[in-house]
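S.K.: return atomic coordinates for the entry below.
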Amino acid sequence: MACDVELTVLLPHLASVLVEAVEAGEGLVRITVWTAAGVSVICPGCGQESAWEHSRYVRHVADEAIGGRPVVIDVSVRRLYCENSACSKTTFVEQVPGLTVRYQRRTLALQKVIVSVATALAGRAGARLLVHLHQTLSWAGMLTCLLRIPCPPWWCPRFSVWTTSHCGTAIAMPRS
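M.R.: Numbering: from 1, shown residues only. Coordinates of the predicted model:
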């Protein structure tokens with residue numbers, strides 16, 4: 001029986017890349033994708049477009065689980081030369097919108113799930129919940145994720161916390 005559903009309908013963040021292979025193993029789904037060659041990319045240093053390819057390498061990015069199996073997306077990305085001689089960046093790596101972020105090993109969709117869990121539970125409880133979502137992150141990683149969330153705007157209600165040896169009390173301060 002053939003399936004008429006496109007992969008990009010199920011995984012919309014793969015729309016801007018070329019899917020080479022999908023392997024569904026016993027405990028893992030591995031998707032291999034490429035970025036298109038010859039497409040200009042904007043340099044993050046100076047903002048000038050460049051299509052001058054230096055090399056390619058593969059990034060391994062974790063994604064949300066599918067069918068109870070963790071997903072790893074192997075993304076072959078290009079390292080490009082900046083064509084502006086005055087730019088401080090000699091080379092830079094293209095980022096796939098919706099899929100990769102600089103220095104991240106997770107997709108934006110998975111990062112949103114982890115931030116939501118960290119906001120609700122943090123620490124050990126959040127790490128235990130992520131195991132049931134087929135993701136692994138330590139309690140310290142959950143706290144680090146929580147600390148990286150930007151602070152709310154200044155107009156948000158202020159809270160004071162008093163603690164005793166076993167419990168704490170939060171009191172909202174009204175705006176004046």
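
S.K.: output the contacting helices and strands for the biggest helix by length in the chain.
M.R.: When every helix of the chain is counted residue by residue (DSSP state H), the longest turns out to be helix 108-120. Helices and strands touching helix 108-120, by 3 or more CB pairs under 8 Å, 6 or more residues apart in numbering; DSSP states H and E, are strand 53-66, helix 123-132, helix 139-148. Glycine gets a C-beta too; all of them are placed from N, C-alpha and C.

S.K.: what comes up buried for the longest one?
M.R.: In other words, strand 53-66. Along strand 53-66, these residues count as buried under the neighbour rule (16 or more other CB atoms under 10 Å): 59, 61-65.

S.K.: show me what contacts the nearest residue to Leu137 once chain neighbours are set aside?
M.R.: With CB to CB, 6 or more residues apart in numbering as the measure, Leu130 is the residue that lies nearest to Leu137, at 5.4 Å, once sequence neighbours are left out. Under the criterion of CB atoms under 8 Å, 6 or more residues apart in numbering, the contact list for Leu130 reads 114, 117, 136-137, 142.

S.K.: go on, Glu83?
M.R.: For Glu83, the contacting residues are 48-50, 52, by CB under 8 Å, 6+ apart.

S.K.: need the buried ones from these selected in ChimeraX.
M.R.: Selection of buried members from these for ChimeraX, criterion 16+ other CB under 10 Å:
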select :50
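
S.K.: for the nearest residue to Ala15 once chain neighbours are set aside, give its distance to Lys89.
M.R.: For Ala15, the nearest residue in space outside its immediate sequence neighbours is Thr8; the separation is 4.6 Å by CB to CB, 6+ apart. For Thr8, the distance to Lys89 under the criterion CB to CB, to the nearest Å works out to 31 Å.

S.K.: kindly report the same for Gly123.
M.R.: Relative to Lys89, and taking CB to CB, Gly123 is found at 38 Å.

S.K.: count of neighbours near Cys151?
M.R.: Other residues near Cys151 come to 6 when the count uses other CB atoms under 10 Å.

S.K.: can you give me every residue that contacts it?
M.R.: Counting by CB under 8 Å, 6+ apart, Cys151 has no contacts.

S.K.: a strand runs through it, doesn't it?
M.R.: No: note on Cys151: no strand contains this position according to DSSP: H, G, I helix; E, B strand; the rest coil, which reports coil.

S.K.: give me the pLDDT value at it.
M.R.: Turning to Cys151, the model gives it a pLDDT of 73.

S.K.: would you mind writing the CA trace of the helix or strand hosting the residue nearest to Ala15 as CSV?
M.R.: Counting by DSSP states H and E, the secondary-structure element that holds Thr8 is helix 7-10. Once non-C-alpha atoms are left out, helix 7-10 reads as follows in CSV (Å, rounded to 0.1, in the frame of the first residue of the first chain):
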residue,chain,number,x,y,z
LEU,A,7,7.0,14.2,4.3
THR,A,8,7.0,18.0,4.5
VAL,A,9,3.3,17.9,5.4
LEU,A,10,4.1,15.9,8.5
